[in-house]
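J.: Return atomic coordinates for the entry below.
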Amino acid sequence: MNKLLWRQFSKQVIRSKQLLVQRNNQQEIQDYFRQLKIQSAKQRKDFEDIALQLLSKEQDKCKAYFYFLEISSDITLKTLLQEIFTKAFLELNDFGNKQLALQKWQLIPLDFIEEYMKGFDIKPADIQDAQVKILTLLQNKKPLQAMKLIMIFKDQLNMSIFIDKFIQLDAVQDFSKVCITSPNLLKDFLIKLTQSDKRHHQKFATELIRKYNLKKEDYPQLIKIQNRQAIDRTYFPKIDEPYERVEERLQGYPYMLCHVIDKLLENNKVNEAYSVAVRQDLNDQYNLNGVLIENPLLKYDGFGITEQVCYQEDPSGFIQFSDFNIHEDQIQFIDSVEKLVLIKDIILNAQITGFDTEFCHYFDEFAIGGVAIMQISTETNVYIIDIFNLREKLELLQFLNNYFASNKIKIGHSVWNDFTVMAQNMNLDQTVEPKNIVDLTFLYNEVFPENKNNVSLANQVYQLFGKKLSKKECFSNWQRRPLRKCQLHYGAMDAYICIAVYLKLNELKQLDIVQLPQLQQQHQTQQKQKKIQQIYKGDHLRYDLQFQKIIDDKQNMKFLVDAMLKKLATFLRNLGIDAEYNEKNDHQTIEQQAIAEQRLIITRDKKLYEKPQLKAPCFLLSDNLNTEQQFDEILKELQFQIHEDKILSRCVKCNFDHVIQISPKTAQQYLDFKNNDSFGQIKVFWQCEKCLQVYWEGNQFKNSIQRFTKVAKNQDDDKQ
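T.: Below is the predicted model of the structure:
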């Protein structure tokens with residue numbers, strides 16, 4: 001529409017009162033609206049002036065306002081026009097016709113609804129059909145707009161009827177904001193979330209349960225899901241691996257054993273499934289037939305390595321107590337205060353001890369595992385202390401505080417994590433500084449400085465003794481009582497081998513045992529200072545300085561969005577920003593992808609952000625932000641560049657940056673033209689060359705252009 005016609009029509013509309021109110025001129029106004037193009041701030045300002053003049057000349061401004069809202073309802077620029085007329089009407093401050101305002105409230109743009117209600121003195125209770133309007137918005141996949149109304153009318157709504165819709169629309173973070181004000185609603189919401197088959201919904205439910213200190217027992221479905229996922233992750237990385245250890249570990253947990261049977265059946269392991277079902281008295285549920293296969297972990301036991309005792313493997317390739325002339329009677333299980341009193345002085349007076357711990361293995365994400373047993377070895381004896389059952393005993397607490405505070409040398413492998421968990425789990429005296437703890441990794445590097453990447457305990461044992469260290473019992477059930485003899489052998493060996501490795505290293509290079517703790521402390525201090533110098537970490541942003549260029553590239557910054565932030569990934573892609581989406585929720589996978597593709601991770605996962613060994617650049621979002629607020633927070637911190645010419649240039653579905661124009665004939669191969677008449681009126685389509693997703697210029701496209709252009713302009717305004 002040329003400028004002359006614009007001016008002529010504007011004057012005609014402003015001067016003609018009849019044109020505004022008579023229905024026989026509605027078509028003329030609608031035709032004008034259809035041709036209208038508002039593509040710049042100046043054009044918008046011009047039309048805002050026109051709208052204000054149109055309404056100000058009317059005696060019944062309220063009636064005229066609703067007239068313009070109604071006739072613009074099927075116009076491409078509907079949202080923008082209604083926003084402009086609403087802004088003009090509110091500016092005129094004419095709120096006399098409350099009855100009409102109540103009748104027409106659903107026409108009001110939601111961003112202005114509160115100001116509108118305040119102007120007409122409309123109370124939320126005065127509006128009876130808010131629930132219907134909200135359900136309509138959800139039906140039309142507009143959860144953010146629905147949330148605006150929910151926050152206004154929440155006191156008079158039946159919130160429970162919205163839960164399923166918000167979960168289906170993947171808008172759970174938005175809906176959670178209203179749920180937290182009502183314990184019953186929050187519980188209903190969490191139960192529905194745990195029933196979702198989407199992993200990130202389950203993870204979000206877990207976050208909320210933790211955050212608000214809720215009882216995990218109220219959400220049994222979530223616990224079952226977490227148990228099953230943990231079983232799959234821990235015991236079934238490869239279905240061809242022996243199933244025996246998972247059966248041994250899960251004795252006494254029938255519903256978890258049922259999951260194991262189901263997994264075996266899924267992979268055509270019928271005889272194995274039948275065997276577990278029969279042994280665990282679960283075959284009444286399955287009625288399976290097959291050949292009974294023994295579980296050697298349950299059938300055989302003895303003081304020795306599991307490979308030999310249970311699987312009849314040749315033991316000559318494994319390190320054993322017989323190699324050190326240690327016998328079974330030199331291994332003691334300390335499961336009472338009386339036994340602890342008898343041996344505590346022996347341990348505290350030993351010049352050198354080796355120590356290790358085994359943890360309680362739980363399968364839900366709420367359980368605090370803690371230490372099940374602690375093994376302490378002298379050069380001639382090993383003592384296995386039943387931490388699981390003695391942890392409440394004052395005598396045990398006093399002994400452990402004395403042990404770690406003593407000046408005697410204590411040798412272990414990767415011991416600081418064990419000590420930290422024990423200190424937290426058992427409430428050890430935090431004022432007592434653990435003394436003279438020496439890590440075998442440090443000792444090994446002192447003797448073999450050229451082998452710094454080969455320091456696992458198993459590798460050290462193999463290099464020093466030419467034999468393997470048995471690891472079959474690593475994932476055993478360390479809470480069970482009594483422990484199997486194979487478990488006792490395994491646990492005792494993990495402590496004694498620390499002494500044996502030290503003695504062997506000392507043969508190769510005379511180690512000053514008195515000076516070792518001090519040397520190790522100096523080494524740790526140097527490494528810590530070096531690490532601090534290499535890592536930048538703020539409240540929201542952290543990165544290893546080797547990835548500084550990722551942070552500095554403001555023109556072409558690339559992001560990796562985690563599984564909880566899919567809507568943010570879509571938002572960024574609409575702006576033409578390179579944003580990949582990782583749905584696996586696995587820290588290692590996310591970091592590897594970020595480093596390989598030189599991307600900045602965006603997450604709400606505080607565990608990932610605080611992970612000490614994380615090197616990939618990472619941005620931690622604040623809680624309880626909607627998508628646009630999340631974007632604003634990132635932009636404020638990073639100050640990266642948005643290019644207006646790249647808006648909607650990237651495939652929203654797959655993130656590919658090459659979208660080509662195709663003909664309507666080609667588009668018919670991918671779209672259902674028969675059941676959508678509007679496709680026939682569209683002349684231009686675009687298609688992603690990678691995933692073949694088709695796009696076209698409809699109302700949604702135009703609204704998106706306006707929305708994201710506005711976002712880009714706001715960025716430029718903020719910089720000025």
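
J.: Break the chain into its domains for me.
T.: 3-196, 221-299, 306-528, 538-641, 648-720 (automatic domain parsing).

J.: In the stretch 101-250 of the chain, mark out all the helices, start to finish.
T.: With DSSP state H, counting those that start in this stretch applied, the stretch 101-250 of the chain shows helices at 113-119, 130-139, 143-153, 163-168, 172-179, 183-194, 199-211, 220-235, 244-249, listed in chain order.

J.: Give me the buried stretch members for stretch 247-261, please.
T.: By 16 or more other Cβ atoms under 10 Å, the buried positions in stretch 247-261 come out as Glu247, Glu248, Arg249, Leu250, Tyr253, Met256, Leu257, Cys258, His259, Val260, Ile261. Backbone N, C-alpha and C define where each C-beta goes, glycine included.

J.: Just name the closest of those to Ala594, please.
T.: Of all those, Ala594 sits closest to His259, with 32.9 Å by Cβ to Cβ.

J.: Can you say which of the helices of the stretch 101-250 of the chain is packed in most?
T.: Across the helices of the stretch 101-250 of the chain, the average number of neighbours (mean count of other Cβ atoms under 10 Å) peaks for helix 244-249, which reaches a mean of 22.

J.: helices or strands next to the helix or strand just after that helix in the packing?
T.: Counting by DSSP states H and E, the next helix or strand C-terminal to helix 244-249 is helix 254-266. Under the contact criterion of 3 or more Cβ pairs under 8 Å, 6 or more residues apart in numbering; DSSP states H and E, helix 254-266 touches helix 220-235, helix 244-249, helix 270-279.

J.: and the helix ranked longest in the chain, what's its mean pLDDT?
T.: Ranked by residue count and defined by DSSP state H, the top helix of the chain is helix 485-508. Helix 485-508 shows a mean pLDDT of 93.

J.: so who does Val694 touch?
T.: Neighbouring residues of Val694 by Cβ atoms under 8 Å, 6 or more residues apart in numbering: Ile662, Ala667, Tyr670, Leu671, Phe685, Trp686, Gln687.

J.: and Phe363, what helix or strand is that in?
T.: Counting by DSSP H and E, there is no helix or strand that carries Phe363.

J.: For it, give me phi and psi.
T.: The phi/psi pair for Phe363 (degrees, to the nearest 10) reads phi -120, psi -10.

J.: And the one 3 residues further on, by the same measure?
T.: Backbone geometry at Phe366, expressed as degrees, to the nearest 10, gives phi -100, psi -20.

J.: how many other residues sit next to it?
T.: With neighbours defined by other Cβ atoms under 10 Å, the count for Phe366 comes to 16.

J.: Likewise for Asp356?
T.: By other Cβ under 10 Å, 26 other residues sit near Asp356.

J.: nearest spatial neighbour of it, skipping sequence neighbours?
T.: Residue nearest to Asp356 in three dimensions, not counting chain neighbours: Asp494, with 4.2 Å by Cβ to Cβ, 6 or more residues apart in numbering.

J.: With Leu81 instead?
T.: Leaving aside its sequence neighbours, Leu81 sits nearest to Ser72 (Cβ to Cβ, 6+ apart; 4.3 Å).

J.: next one: Ala101
T.: In this structure, Ala101 finds its nearest non-sequential neighbour in Phe120, 4.4 Å apart by Cβ to Cβ, 6+ apart.

J.: dump the residue contacts of that neighbour.
T.: Residues counted as contacts of Phe120 (Cβ under 8 Å, 6+ apart) are Phe95, Lys98, Ala101, Leu102.

J.: didn't the last one look like it was pressed against Ala125?
T.: Looking back up the chat, that one is Leu102. No - the pair Leu102 / Ala125 is not scored as a contact, 11.6 Å apart, by Cβ atoms under 8 Å.

J.: Among these two, which residue is more densely surrounded?
T.: Ranked by neighbour count (other Cβ under 10 Å), Leu102 and Ala125 place Leu102 first, with 14 against 10.

J.: confidence score at that one?
T.: Looking at Leu102, the pLDDT reads 92.

J.: That one and Leu149, how far apart?
T.: Using Cβ to Cβ, to the nearest Å, Leu102 is found at 15 Å from Leu149.

J.: Likewise for Leu508?
T.: 75 Å.

J.: Can you give me every residue that contacts Val561?
T.: Val561 is in contact with Leu568, Ala569, Leu572, Ala579, Glu580, Tyr581, Asn582, Ile602, Thr603, counting by Cβ under 8 Å, 6+ apart.

J.: just Glu48 next, same as before
T.: Ile84, Lys87, Ala88 are the contacts of Glu48 under Cβ under 8 Å, 6+ apart.

J.: So which of those are in helices?
T.: Counting by DSSP H, the part of the contacts of Glu48 found in helices is Ile84, Lys87, Ala88.

J.: could the residues you listed be laid out in JSON lines, adding pLDDT and distance to Lys61?
T.: What follows is those, written out as JSON lines (pLDDT from 0 to 100; distance: Cβ to Cβ, whole Å):
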{"residue": "Ile84", "pLDDT": "89", "distance to Lys61": "15"}
{"residue": "Lys87", "pLDDT": "92", "distance to Lys61": "13"}
{"residue": "Ala88", "pLDDT": "91", "distance to Lys61": "9"}
